[in-house]
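**Q** Could you work out the structure for the sequence below:
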Amino acid sequence: MNDLEERLRAAFDARARSYEPDPHAWARIMERRPRRRSARWLLAALPVALLTVFVPVLLNGGLGRNTAIDPTGIYQQLMKERTPLGKEASVDNPSEGKPLRIWFARGKLGYPEVCYIVERAAGEPYGACTDAVAWEDVDAWYVGSTLRDGAATAMDWGLAREDVGAVAGVTKGGQEFQGTVRSLDGAPYRLWTVTYPAQEPMSKIRISDVDGQGLGWWSRDGLFLPDGQPMSAPMELSQGIFVQPYRTKEGTRLNWSRHGAELSQMPPATDHAVTVSGRRDMIIGLARKDVARIEVSFGGGSTASVVTRPDPWNLGVTVFAAMSPSDDPAESRRVTAYDASGKQVWSNEEPAMTAPDVTDKVAGKVMTLPGTEGSGRPVRVWFPKRSDEANEFCFTGGPAPSNRGMSSCLVDFPRNSRSFQEVTTYLPDPGADIYFGPALADWESVEAVLYDGRRVRASFLRDTGAPYPVWHVSVPRGTEVGGFVMKAKGKPDQQVPKYSKSCTKRAERSEAARQTLPAGITALLVPGCMAFWENGEAAPLPGPLPGARLSDVLDAARPVQWISNEKAWYGYAPAGTVKVELRMKGGATATAEAVPDAWGQNVTLFAAPVPKGAPKGGETVALTGYDAGGKELWRYELPKQRSAAS
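**A** This is a model prediction of the structure:
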């Protein structure tokens, strides 16, 4: 897997909202960096060419088209298909000595975006818009930086939720620089800025609420900083784009960046005369040293002409960056290269980039998920036919930025029938959160349980040729859903909590006493989750649905909820369990003592160190619970991992 693919996987894992009952998956969801892809909800493999196109779009949003170098003209171009959200801020930019204009807008698919225009002390101004959809577990996050070579002072800036009252920048050495947090009337988020000496770059921001209570931190890696070490000074291209060589583990890489964030990174060599890394409204890349100009013609009829510049690092290539007349990263295009005399030296036709066509063998038909028809990017669902008789349920699309070009499948259905997916629509305003998944034939109903105790009944989408129906339920956008109750004929109700990272905030802000467990683990029950702390970091497990208890989450199919991290493993099990045994692939075992929970949830809590000699990231294959007399009460065999292609 190349560097671009790794970054795409990271972006998808961080932003996609897929849920599953596998405890390993929940532990992975809690990490800010992915270890491996989910075993059940799987991102369908994308062609490398498509990866190159999509990566910059996911990582840093879009750039606004403009031909005018006047800030007013840039604003008009940026807002051509957007509507303002709230007032505009004018922030002092210490790197340029000119104002940085920042405002919010609603994009054509309805989701909020943050836009900015940078005026330069010695260069043309430029502007951009990027999505401003908050990650579920984040109080404040980075958007950009004015840090550049030659500037004595720099400023990092980003967005924050309404309850954030203060942000401080922290250097690698621990020095802090207090920032400023401000609200813009009518805006969906607050704006924070931190100014600091350029020779003391930030490593993270420390976040506090309006009462001064700490809310944790967020890494400056949120700007998607380049890998490796710079080999030389950067070269500025047009529109505030910089290109710079880096020394990485994979060798020399050229890095394109703008406003402190990476746009693309690629080796200074190519099998083609031209390598274009397209992003919304931007054309960047490299070419052979004999290529003086490239022309990109898009399927929609527009054309861009880009003059290349020789690299100053003697790498034998030319580089380029320019605004693009097309804002569709999946549009077909023809790239033509010319030498200095105007002679054509190379040409390549690239078809429209789409997610892999996995709908050619469909059991029944491809269906549109109700509630997404008017969203601008409808969600399609289907059941693929498989030769090995293993069932799958797939979907593609969705109007949220994280769904761009995304396709995902649930494998090994119906065994994983508790899994569900979520998409957010923004049109028509105010939008909706829609949950959906495949249902077994004997299911009578599915209900979403809201945090206030109300229940919303799901509908079923049926196709005569499909092996199963599809359930779906819609709630107003932003409504907190605690989980779902799935009722099958003649069987006990299944309670499926919704894994919500926001419950971690509630746990960390709670002043209630925690229950102490072995291996340095503490635990606290809060609405939405059962939180455990290991080395000061909270790792939650699903909590009870509103009006229910933890014991209601457990049943014969899933008698235990647990997490295994690097140093310890812990969780909860049915009442009466006094010992839990863990068995790992390769034969390593460990035993944890279990004690009754302190909140009357009819469960026992357990914790123990990871067994010595266990391989890092070792796979657990079974857990067994015993009573006080040593009798086996329950056993949970973990399903074998499957790949999307298996």
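**Q** can you give me phi and psi for P399?
**A** phi -80, psi -10 (degrees, to the nearest 10).
**Q** and it, how many residues sit next to it?
**A** Residues lying near P399 (other Cβ atoms under 10 Å) number 24. Yep, even glycine has a C-beta here, placed from its N, CA and C like the rest.
**Q** try L215
**A** The local packing of L215 (other Cβ under 10 Å) involves 22 other residues.
**Q** cool, the one 5 residues further on as well?
**A** Residues lying near R220 (other Cβ under 10 Å) number 21.
**Q** mind listing what the residue lying closest to it once chain neighbours are set aside touches?
**A** Leaving aside its chain neighbours, R220 sits nearest to M202 (5.1 Å; criterion: Cβ to Cβ, 6 or more residues apart in numbering). Contact analysis of M202 by Cβ atoms under 8 Å, 6 or more residues apart in numbering lists 156, 169-171, 177, 194, 196, 220.
**Q** of all the residues you listed, which two lie farthest apart?
**A** F177 and R220 (12.6 Å; Cβ to Cβ).
**Q** how about the helices of this protein, start to end?
**A** Taking DSSP state H to define them, one finds helices in the chain at 3-15, 23-30, 48-60, 71-78, 502-509.
**Q** Show me what the fourth one is packed up against.
**A** Okay, so that is helix 71-78. For helix 71-78, the packing partners by 3 or more Cβ pairs under 8 Å, 6 or more residues apart in numbering; DSSP states H and E come out as strand 98-106, strand 112-118, strand 126-131.
**Q** got the angle between the shortest one and strand 98-106?
**A** Here strand 126-131 points in a direction 30 degrees away from that of strand 98-106 (axes from the mean of the first three to the mean of the last three Cα atoms, to 10 degrees).
**Q** Show the secondary-structure elements that strand 126-131 is packed against.
**A** Checked by 3+ Cβ pairs under 8 Å, 6+ apart, strand 126-131 has strand 62-63, helix 71-78, strand 112-118 packed alongside it.
**Q** Run the chain-centre distance for the last one.
**A** Between the mean C-alpha location of strand 112-118 and the chain-wide mean there is a distance of 20 Å, by Cα atoms, centre = their mean, to the nearest Å.
**Q** Send me it as PDB with only the CA atoms.
**A** Output in PDB follows, covering the C-alpha atoms of strand 112-118 (Å, rounded to 0.1, in the frame of the first residue of the first chain):
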ATOM      1  CA  PRO A 112     -21.300  23.800   6.600                       C
ATOM      2  CA  GLU A 113     -17.900  25.000   5.300                       C
ATOM      3  CA  VAL A 114     -15.300  27.400   6.600                       C
ATOM      4  CA  CYS A 115     -13.800  29.800   4.000                       C
ATOM      5  CA  TYR A 116     -10.900  32.100   4.200                       C
ATOM      6  CA  ILE A 117      -8.900  34.600   2.100                       C
ATOM      7  CA  VAL A 118      -5.200  35.200   2.700                       C
END
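**Q** for that strand, packing partners?
**A** Here strand 112-118 touches helix 71-78, strand 98-106, strand 126-131, strand 140-145, going by 3+ Cβ pairs under 8 Å, 6+ apart.
**Q** per-stretch mean pLDDT over the ones you listed, give me the minimum one.
**A** Mean pLDDT across the helices and strands packed on strand 112-118 is lowest at strand 126-131; the value there is a mean of 87.
**Q** Find out how far that strand is from the centre of the chain, if you would.
**A** Per Cα atoms, centre = their mean, the centroid offset for strand 126-131 relative to its chain is 19 Å.
**Q** Note down every partner strand of that strand and its orientation.
**A** Note on strand 126-131: by DSSP bridges, its sheet partners are strand 62-63 (antiparallel), strand 112-118 (antiparallel).
**Q** and the longest one, what's its mean pLDDT?
**A** Averaging pLDDT along strand 112-118 gives 94.
**Q** So what touches it?
**A** The contact list for strand 112-118, computed with Cβ under 8 Å, 6+ apart, reads 61, 64, 71, 74-75, 78-79, 82, 85, 93, 96, 100-107, 125-133, 143-144, 146, 159, 188-189, 240, 259.
**Q** Quick one: work out the angle between that strand and strand 140-145.
**A** Following the same axes, to 10 degrees, one obtains 30 degrees for the angle between strand 112-118 and strand 140-145.
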